[in-house]
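K.L.:
prediction below, plus the sequence it came from.
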Amino acid sequence: MKALHFGAGNIGRGFIGKLLADAGIHVTFADVNETVVNALIERQSYPVKIVGEDCVVEQVNNVTAVNSTSSDIMDLIANVDMVTTAVGPTVLKIISKSVAQGIEKRFEAGNTAPLNIIACENMVRGTSQFKEMVFEHLSEEAKAFAQEHIGFVDSAVDRIVPPAEEGETDPLAVTVETFSEWIVDQTQFVGKIPAIKGMECTDNLMAFVERKLFTLNTGHLITAYLGVLAGHETIKDSIEDSAICADVQAAMQESGEVLIRRYGFDAEAHAAYIKKILNRFANPYLRDEVDRVGRQPIRKLSPQDRLIKPLNGTIEYGLPNSHLIKGIAAAFLYKNDDDPQAVELQAMFAEQGFAKTLAHYSELNVDSEVVTLAHEAYLALK
């Protein structure tokens, strides 16, 4: 099997690309970083440091790369068996045209072998969203071809992959935690589902998408925002602050109650899942900076993301939500001049005030009780 993977960054190399290569699939990474692309072409392998109770370095082999702006992308899509991504929601739209052009070429070549596309992003039904972007660029004939021969498979991904360690000189070296979870919607594949160790199939993906979003993502972000306020630099330092840890655990318990009501998760098993995540945040071998986790607050305050979606769930089921509200309030105290979204949020906040700004990005009712409570929480934090 052959796969094209968009995104040769730390997540691409340390998580999805590694699982594919370990399964014996030849992986071509697509990226715009020439240093990384050239190193992958030259070496056709790279090291992954896996850190936990034991630290091991594993070599990933049978890989190469191509510049994602190259016309070679179209040839690859016309011939590979899988396309995966780890590029972030913004870049998905940018690469959608290239993917569409590749599908057109596949159609013109008469290649009816199954192709499965999986966007491995921190998004709810990210591949379905990507499909819509790709279909905007397809001819009617190619759309019909894609509906029959191409699977757009939604997934949930979970692995903490921090930036390169300080002092690291190898552009391909990457550090990851031991834990990883890649769950895919088995109902969306075309053809036989490939056997990839570490890729789990389910016919109830949304339960796992929301479990990860409401727990790992929610807890991670609130840890970051409260950590910034307390003057901590890393997630580890933040979660080892007992006051922050208590708030984060309580917020995850609030969002967890939504999951238990909505999907019937076992309460004791979910409590163990929360505990496992808190331990992951405290991993002494991962330097995960609060500024990295806190970036893009506007996206993270949107209705389908990690703060507002669980909050809306608590409202739906009439559940407590004060710690989720505190996390939302803390987002308004996150300032980062290097993050355009943080700058935009602060600019609108200064001009429109708290309630209108939160309502604008979250789509909550500006006059609702929950917006008033969030403003009160903001004033208390400030």
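P.N.:
That came through, no problem.

K.L.:
walk me through the domains of the chain.
P.N.:
The chain breaks down into these structural domains: 2-203, 206-381 (assignment by automatic domain parsing).

K.L.:
just send those domains back as CSV, with mean neighbour count too.
P.N.:
(Glycine included, C-beta is placed from N, CA and C.) Putting the domains of the chain into CSV (neighbours: other CB atoms under 10 Å) gives the following:
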stretch, mean neighbour count
domain 2-203, 18
domain 206-381, 19
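
K.L.:
next, format the ones you listed as JSON lines and append mean pLDDT.
P.N.:
Compiled in JSON lines, those are given as follows (pLDDT from 0 to 100):
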{"stretch": "domain 2-203", "mean pLDDT": "95"}
{"stretch": "domain 206-381", "mean pLDDT": "97"}
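
K.L.:
wait, doesn't G88 sit right on E121?
P.N.:
Yes - here G88 reaches E121: they are 6.7 Å apart, a contact under CB atoms under 8 Å.

K.L.:
tell me the contacts of the spatially most central residue of the chain?
P.N.:
Nearest residue to the geometric centre of the chain (CA atoms, centre = their mean): N122, 2.2 Å. N122 sits next to 89, 157, 213, 217 when contact means CB atoms under 8 Å, 6 or more residues apart in numbering.

K.L.:
part of a strand, is it?
P.N.:
No - counting by DSSP: H, G, I helix; E, B strand; the rest coil, one finds N122 to be coil, located in no strand.

K.L.:
wait, a helix at L278?
P.N.:
Yes - the assignment for L278 (three-state DSSP) places it in a helix.

K.L.:
thought it was touching S242?
P.N.:
No - look at L278 against S242 with CB under 8 Å: they stay out of range, at 11.9 Å.

K.L.:
picking up where we left off before, between the contacts of N122, which is closest to K131?
P.N.:
Distances from K131 to these, taken as CB to CB, are shortest for P89 (14.0 Å).

K.L.:
mind listing the helices for the stretch 1-150 of the chain?
P.N.:
With DSSP state H, counting those that start in this stretch as the criterion, the stretch 1-150 of the chain has helices at 10-11, 17-22, 34-43, 72-77, 89-109, 126-135, 140-149.

K.L.:
can I get those helices in a markdown table including distance to E369?
P.N.:
Below are these laid out as a markdown table (distance: least, CB to CB, whole Å):
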| stretch | distance to E369 |
| --- | --- |
| helix 10-11 | 38 |
| helix 17-22 | 45 |
| helix 34-43 | 49 |
| helix 72-77 | 50 |
| helix 89-109 | 31 |
| helix 126-135 | 31 |
| helix 140-149 | 45 |
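
K.L.:
can you classify I183 by secondary structure?
P.N.:
strand.

K.L.:
still on that earlier bit, F354 is nearest to which of the helices of the stretch 1-150 of the chain?
P.N.:
Once these are compared by CB to CB, helix 89-109 is nearest, at 25.6 Å.

K.L.:
which other helices and strands does the closest one contact?
P.N.:
Secondary-structure packing of helix 89-109 (3 or more CB pairs under 8 Å, 6 or more residues apart in numbering; DSSP states H and E): helix 72-77, strand 82-85, strand 115-119, helix 126-135, helix 140-149.

K.L.:
what sits up against it?
P.N.:
Residues from elsewhere that reach helix 89-109, judged by CB under 8 Å, 6+ apart: 6-7, 30, 68, 73-79, 83, 85, 87, 115, 117, 119, 121-123, 126, 129-130, 133-139, 141-142, 145-146, 150, 299.

K.L.:
put the alpha carbons of it into CSV.
P.N.:
In CSV, the C-alpha atoms belonging to helix 89-109 read as follows (Å, rounded to 0.1, in the frame of the first residue of the first chain):
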residue,chain,number,x,y,z
PRO,A,89,-8.3,23.3,10.0
THR,A,90,-7.1,26.4,8.2
VAL,A,91,-4.6,24.5,5.9
LEU,A,92,-7.3,21.9,5.0
LYS,A,93,-9.0,24.5,2.8
ILE,A,94,-5.7,25.4,1.2
ILE,A,95,-4.9,21.8,0.2
SER,A,96,-8.5,21.0,-0.9
LYS,A,97,-7.9,22.3,-4.5
SER,A,98,-4.8,20.1,-4.9
VAL,A,99,-6.7,17.1,-3.7
ALA,A,100,-9.5,17.8,-6.0
GLN,A,101,-7.1,18.1,-9.0
GLY,A,102,-5.6,14.8,-8.0
ILE,A,103,-9.1,13.2,-7.9
GLU,A,104,-9.8,14.6,-11.4
LYS,A,105,-6.6,13.0,-12.6
ARG,A,106,-7.5,9.7,-11.0
PHE,A,107,-10.9,9.9,-12.7
GLU,A,108,-9.3,10.7,-16.1
ALA,A,109,-6.9,7.8,-15.7
